[in-house]
Structures are given as C-alpha cells and as structure tokens.
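Asks: Okay, predicted coordinates and the sequence, questions at the end:
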Amino acid sequence: MPFVVDKPIRFHHCDPAGIVFYPQYFVLMNELVEDWFDQGLGVDFGGYHARDRLGVPMARIECEFAAPSGVGDRLAFALVVERLGNASITLRVSATCAGEERVRARLVLVQASLETRRAVPLSDDLRARMARYVAAG
C-alpha cells in the first residue's frame, strides 16, 4: 500500500520556462518524506528531530524526469518502501498528474544521530510502522 499525497505546483517551483525547476522536485520529495512520517507513520517529524535528535538525510537519489510539470498542476506523490535495512530505508517515489507520470525516483535515507552524525539502527517500533508500506513483490 503506497503512501500518497497531493502537492500543488506553485509559481516558486518553476523556472522562467514555466516548468518545475528540477531541484524543486527534491524539495517536494523531502516534503513527501516529512508528510509520510507525520501522516503515514504517525511519527511527529519535528519531535523526531528536536526531541529524539534523529534525522533521515538522503544518502542517495536516482531520479528520472518523464514529463514536465507547470504552475497549477496537482501532482500525486506516491511512496513505497523498497527495502528496510538496519539503519537505511530505500524508497520508490513517483509523481503523476492526471495519470501521466512526471517523475520517478529511488531515495536511500539513512537514520542518523543528530549528535554524532553517524548512522543508527531503526527502532523496532519505527521499523514496524515503515513495514506497512513495503512494496509487494
């Protein structure tokens, strides 16, 4: 079961050509991860950082841009877990508009201590919450 959230494309996402400036997709994907924690996993993303002193920086991004998006488009961003490692999470992300794929990506996030800036294992609780989004097959 994917986690899906709609995101409007706004003027500030676009370049002078009127299409999404590609680095903005990475900002939107980071927002998607934050939304997934808050809404999908039931984990307060702010508290995860401030109280627990943990983060999930992106360690690797593979991305393909299938078609342009512009101001006023509403993209459905879908996220599934491809792999749960000891401290890493591999996510598959896609964004579509009216059924047309606009962008697809594979993100590798690493849970890290904000104090040591080193990878730390996922807790059993967080792993169980994330497991609900593991892709079938």
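Replies: Structure's in. What do you need?
Asks: give the contact list for the residue nearest to Tyr22 when sequence neighbours are not counted.
Replies: Nearest residue to Tyr22, sequence neighbours excluded (CB to CB, 6 or more residues apart in numbering): Phe65, at 6.3 Å. Bear in mind the C-beta positions are built from the backbone N, C-alpha and C, glycine included. Contact analysis of Phe65 by CB atoms under 8 Å, 6 or more residues apart in numbering lists Tyr22, Tyr25, Arg102, Val103.
Asks: Does the residue most central in space within the chain belong to a helix, a strand or coil?
Replies: By CA atoms, centre = their mean, the chain has its centre lying nearest to Val33, at 3.4 Å. With DSSP: H, G, I helix; E, B strand; the rest coil as the basis, Val33 sits in helix.
Asks: any idea how far it lies from Phe26?
Replies: For Val33, the distance to Phe26 equals 11 Å [CB to CB, to the nearest Å].
Asks: what does Arg92 give?
Replies: According to CB to CB, Arg92 stands 15 Å off from Phe26.
Asks: Point out where the chain drops to low pLDDT.
Replies: Scanning the chain for pLDDT under 70 picks out the ranges 137.
Asks: all helices for it, in order.
Replies: 23-35, 45-50, 124-131 (DSSP state H).
Asks: residues in contact with the shortest one?
Replies: Going back to what we said before, that points to helix 45-50. Contacting residues not belonging to helix 45-50 are listed as Glu34, Phe37, Asp38, Leu54, Gly55, Leu114 [CB under 8 Å, 6+ apart].
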